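K.L.:
build the 3D model from these lines:
(one chain, ligands or ions: 1)
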Amino acid sequence: MEKGIGGTLIWYYTICPRQVWLLAHNVLPDQADHNIQVGRLIDQWSYPQQRHRGINLDNTVVIDVITGEGVVAEVKKSSASLDAARLQLAYYLYYLKHNKGVTTKGVLLVPEERRRYPLELTPEVESQLEEVLREVESLRSQDKPVPARRIHYCKKCAYAGVCWG
Ligand code: SF4
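P.N.:
Below is the predicted model:
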């Protein structure tokens with residue numbers, strides 16, 4: 001597995017490949033951005049009954065919650081970017097399997113919507129993830145980011161100031 005590819009890069013890749021290069025090269029998003037702050041609050045305030053929260057593995061993977069059943073849970077503020085969230089969670093399961101020898105299941109939790117989406121690391125999901133890992137590695141090793149391209153997500157992207165001034 002490529003070193004240093006965190007779950008956030010997987011998430012960003014699915015939303016906008018330009019973000020991968022920006023984050024990988026320490027161009028940090030605007031921390032005062034409303035969406036980042038809301039996400040942080042939901043992360044802090046949701047599921048306080050769970051004892052295992054915010055688990056940092058090798059400074060690569062930060063797992064939001066591990067439930068009492070040993071299921072890896074990722075908390076999101078909405079279901080809007082479900083594909084990105086699924087891949088991010090799949091990466092955590094993949095990392096645990098290939099780096100820690102732990103095979104388990106995952107679940108996406110969206111407390112604001114009272115929704116949960118179970119996820120298993122099937123061979124198909126692993127194969128899709130490995131393709132994404134190769135593309136993320138390729139993007140971040142380039143000299144410069146791919147050009148900014150206006151997409152729907154730009155309106156709420158914390159990099160909007162970097163891309164569009
Ligand atoms: S502002 Fe738009 S183009 Fe720039 S990183 Fe965000 S989503 Fe990508």
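
K.L.:
from residue 115, how far out is the residue lying farthest from the centre of the chain?
P.N.:
Relative to the centre of the chain, the most outlying C-alpha is that of residue 165, 25.4 Å out, by C-alpha atoms, centre = their mean. Between residue 165 and residue 115 the computed distance is 36 Å (C-beta to C-beta, to the nearest Å). (C-beta placed from N, C-alpha, C; glycine too.)

K.L.:
ok so, going back, can you check the pLDDT for the residue farthest from the centre of the chain?
P.N.:
Reading off the per-residue confidence, residue 165 sits at a pLDDT of 82.

K.L.:
again, but for residue 111
P.N.:
As summarised for this prediction, residue 111 has a pLDDT of 87.

K.L.:
residues near it, how many?
P.N.:
The number of residues packed around residue 111, counting by other C-beta atoms under 10 Å, is 15.

K.L.:
you'd agree it is up against residue 73?
P.N.:
No. In terms of C-beta atoms under 8 Å, residue 111 does not count as a neighbour of residue 73; the distance is 10.5 Å.
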